[in-house]
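[1] pasting a predicted model and its sequence here:
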Amino acid sequence: MDVNKNILANLGARLVVWVPYLWLIVFFLLPFLIVLKISLSQSVIALPPYHPVFDLAAGWDGIKAFIAGLGFDNFATLVSDSIYLLSYLKSLEVAFVATAILLVIGYPIAYGMARAPRRVQAVLVMLVILPFWTSFLIRVYAWINILQTDGLLNRALQALGLVSAPVTWLASDTAIYIGIVYSYLPFMVLPLYAALEKMDHTLLEAAADLGASPRAAFWRVTVPLSLPGIGAGALLCFIPIIGEFVIPDLLGGSESLMIGQTLWTEFFSNKDWPVASAIAVVLLCLLVGPIAVYQHLQVGKVESGG
Amino acid sequence: MRRGLSAFNLTSLALGLAFLYLPIVILVVYSFNASQLVTVWGGWSTRWYVALLDDRAMLDAAAASFGIAATSAAAATVLGTMAALALTRLGRFRGRLGFSAMIYAPLVMPEVITGLSLLLMFVAADIDRGFLTVTAAHTTLTMCFVTVVVQSRLASFDRSLEEAAMDLGCPPGRTFLTVTLPLIAPAVIAGFLLAFSLSLDDLVIASFTTGPGATTLPMRIYSEVRLGVKPEINAICTILIGAVAVAVFAAAWISRRAAGGEVAGLPAK
């Protein structure tokens, strides 16, 4: 009886691990391997199958022929045309600058949240999370309404007499930054808040007792203690921003593209799937480091009971 | 942290919340604008909502999106809850590191990469693209969010309740159904709603993995938005915002009733 129960429990445990595990292997890991393979293939025509074709029936010779047929032509294309390099650099620049802006704007908000009375805190957290639930696309679209030449922002600025002629906001880097900061603000504020909220305020009192000015106490006690939150928030923003497509496509100009847009164009307009795959592989290589650090922070948090 | 707000704290909170909400409020208000010109206020009207009823393509897209969101969120809730159980209850099983890596990576992975790789796999496997492929793609993405939400709940509740049930001879399956599941239900429901809204929202992954006859609402909105701002789009966006707001408040209400005020939401708790 007990043996039966153990077998059942074991079976249950295996099921609980292996069903989601297999799902992720098939729909997450395997697709990456296919991207890697196609990035090393040559496109014979604009559509698959790409050469070399993996032929298991041909046995070991088939595998050797397959490996011999792979090449780095698509990666050579990425290096030879400066448009790709410029896209990667533009994405990195936008991600760095936007993350810095997010940190500067997000920190005071998170700090204010953490100092609010307990009951108010729950409401504030809810208010910051709520926009995250509404559609990303809608939130970006809302800014087109505001930023267009005869939109509300220009009319407000003109009414206040700050500008004499309407400013062109759309199709510029400024619009991209506004869109990104707006969309990613909850991702920055919540980890910062989580770190600040846990802080022991007696440490600040101790610092004050020992003669530290509030400013010194902030920089030497509060900021160092909130570093895990800063790290999590920055990575949670930085990594997806690099591959951002919707925001630069709707709000940005057409003269310099971010890498997500270049990949999209290569895939949907030029129909060059191997080059699009190569772009994805290089992008992934750029992101492996930050993603690993982010995972380390996440796993640490969960295992410490957070 | 010490309670009590300085003027600076209050100002940053007020400005921050205004920044987050003003664009949405403006969008909602302008969806009731009678004027054809989106920037000129012409009085209150519901004409754009009425016009939506004649927009066959938009209605079809909405139906497709809701079908995909409901199916993928249901699948993601089951898979995500299983994964959360595996990560919190099974200790160090073989392949745990790879497992948790595959749970956390999709949360931050740029959508263009996820979308492209899934599409290339569907092409390689010679699967017809449409409703099922988008649903599978969304399930993969959203199950990881469900896992994170359910996992934090599993990690925080009292395990002795489960142990007591097992000590009294309750088999593991039944313990799960009668003890664990009721306790984590708020997080499971919140996970389902999060998965649903993420699926309803997704443009990039759906664009890659869709096929003929399965144009989703964001794809439809996106192609309209690229041509400029239109009053009908303001109206459909307002309806979506309303639907999400109702779902979120329902989730908050359920979890408050069941768990005493825990707010479920982002992975960054």
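    Nice, thanks for sending it over.
[2] now the lowest-mean-pLDDT helix or strand in chain B: buried residues?
    Within chain B, judged by mean pLDDT, DSSP states H and E, the helix or strand with the poorest mean is helix B:231-259; its value is a mean of 78. Across helix B:231-259, burial judged by 16 or more other Cβ atoms under 10 Å in any protein chain shown covers B:231-238, B:240-241, B:244, B:247-248, B:251-252, B:254-255, B:259. All C-beta spots, glycine's among them, are computed from the backbone N, C-alpha and C.
[3] what's the spacing between residue A:276 and residue B:109?
    Per Cβ to Cβ, to the nearest Å, residue A:276 is found 16 Å from residue B:109.
[4] check chain B for the residue nearest chain A and tell me.
    In chain B, the residue that lies nearest chain A is residue B:110 (2.1 Å; Cβ to the nearest Cβ).
[5] pull the number of nearby residues for that residue.
    24 (other Cβ atoms under 10 Å in any protein chain shown).
[6] picking up where we left off before, residue A:276 and residue B:109: which has the busier surroundings?
    Neighbour comparison, residue A:276 and residue B:109: the larger count goes to residue A:276, with 26 against 23 (by other Cβ under 10 Å).
[7] pretty sure that one sits against residue A:266.
    Yes - at 4.3 Å, residue A:276 counts as touching residue A:266 under the criterion of Cβ atoms under 8 Å.
[8] phi, psi for residue A:224 please.
    The phi and psi values for residue A:224, taken as degrees, to the nearest 10, are phi -60, psi -40.
[9] check it and give its pLDDT.
    Model confidence at residue A:224, given as pLDDT, is 88.
[10] quick check: phi and psi at residue A:169.
    phi -90, psi -40.
[11] which residues touch it?
    A:147-149, A:151, A:153-154, A:175, A:178 (Cβ atoms under 8 Å, 6 or more residues apart in numbering or on different chains).
[12] would you list the buried entries among those residues?
    A:147-148, A:151, A:153-154, A:175, A:178.
[13] now those residues as a markdown table including secondary structure and distance to chain B?
    Listed next are the buried ones among the contacts of residue A:169 as a markdown table, based on DSSP: H, G, I helix; E, B strand; the rest coil; distance: Cβ to the nearest Cβ, whole Å:
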| residue | secondary structure | distance to chain B |
| --- | --- | --- |
| A:147 | helix | 10 |
| A:148 | coil | 7 |
| A:151 | coil | 6 |
| A:153 | helix | 10 |
| A:154 | helix | 9 |
| A:175 | helix | 13 |
| A:178 | helix | 10 |
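[14] among those residues, which pair sits farthest apart?
    Spatially, the most separated pair among these is A:154 and A:178, at 13.7 Å (Cβ to Cβ).
[15] which helix or which strand is home to residue 123?
    Picked chain A for this. helix A:118-133 (DSSP states H and E).
[16] wrong one, I was asking about chain B
    Counting by DSSP H and E, residue B:123 is part of helix B:111-124.
[17] helices and strands around that helix, which ones?
    helix A:30-39, helix A:259-264, helix A:273-303, helix B:131-156, helix B:204-209 (3 or more Cβ pairs under 8 Å, 6 or more residues apart in numbering or on different chains; DSSP states H and E).
[18] what about it, distance to the chain center?
    21 Å (Cα atoms, centre = their mean, to the nearest Å).
[19] give the buried residues for it.
    B:111-124.
[20] confidence score at the residue in the stretch 201-306 of chain A that chain B sits nearest to?
    Proximity of the stretch 201-306 of chain A to chain B (Cβ to the nearest Cβ) peaks at residue A:243, 2.1 Å away. Here the pLDDT value assigned to residue A:243 is 90.
[21] one more: residue B:148?
    For residue B:148, the model assigns a pLDDT of 88.
[22] if anything else comes up later, I'll come back, but that's it for now.
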